[in-house]
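S.K.: show me the folded form of this:
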Amino acid sequence: APGAAPSGSASAAPPAGPVTLASGELISHEHATTGTVSLVRLADGSRVVRLEGLDTSNGPDLRVWLTDAPVKEGRAGWHVFDDGRHVDLGALKGNKGDQNYALPEDVDLSAWTSVSIWCDRFDVSFGAAELAPTI
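M.R.: Down below sits the predicted model:
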């Protein structure tokens, strides 16, 4: 029949474009921080943490952390991620705008629940987002 899938194609084709797996809104901790965080699977199967509309303060040694800690408001960002595990995704590329951070292939996303903009020099979170699954 016209438009029918060729015989032998038992598996569904992966989506052609990026798929958002989880997302959340940044809240302020030590510094006013806004924006959206998404975990995205790209068409080639690789995964990234995407920051969109990021607006935070500039600071020394800012990092992007994928963490297993709950996002707590208040406490000015001190002692909010000290007890949790994290994956350091690298230096913050800029304190404003949209940016991507590659996720290592061996990272099991089910083990991680939040993203923090972390100041490594002063051990404080500038802002963080709790991640909620979208699929």
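
S.K.: leaving out sequence neighbours, find the closest residue to the most centrally placed residue in the chain.
M.R.: Centroid-nearest residue in the chain: V49, 3.8 Å away (criterion: C-alpha atoms, centre = their mean). Closest residue to V49 apart from its sequence neighbours, by C-beta to C-beta, 6 or more residues apart in numbering: Y101 at 4.5 Å. Where you see a C-beta, it was placed from the backbone N, CA and C, and this is true even at glycine.

S.K.: so which bits of stretch 19-28 are buried?
M.R.: Burial within stretch 19-28, assessed by neighbour count using 16 or more other C-beta atoms under 10 Å, is assigned to A22, S23, G24, L26, I27, S28.

S.K.: now find how far off-centre it is within its chain.
M.R.: 7 Å (C-alpha atoms, centre = their mean, to the nearest Å).

S.K.: about what we covered before: what's near enough to touch the residue nearest to V49?
M.R.: Y101 makes contact with V48, V49, R50, L51, V64, L89, G90, K93, according to C-beta atoms under 8 Å, 6 or more residues apart in numbering.

S.K.: again, only this time at 7 Å
M.R.: Residues near Y101 by C-beta atoms under 7 Å, 6 or more residues apart in numbering: V48, V49, V64, L89, G90.

S.K.: per-residue confidence at A128?
M.R.: Note on A128: pLDDT of 95.

S.K.: surely it and H29 touch.
M.R.: Yes: using C-beta atoms under 7 Å, A128 is in contact with H29, at 6.2 Å.

S.K.: can you select the buried ones among the contacts of Y101 for me in PyMOL?
M.R.: Buried subset of the contacts of Y101, written as a PyMOL selection, criterion 16+ other C-beta under 10 Å:
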select buried, resi 48+49+64+89
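
S.K.: now do the same contact list for G24.
M.R.: G24 touches V37, A129, E130, L131, A132, counting by C-beta under 7 Å, 6+ apart.
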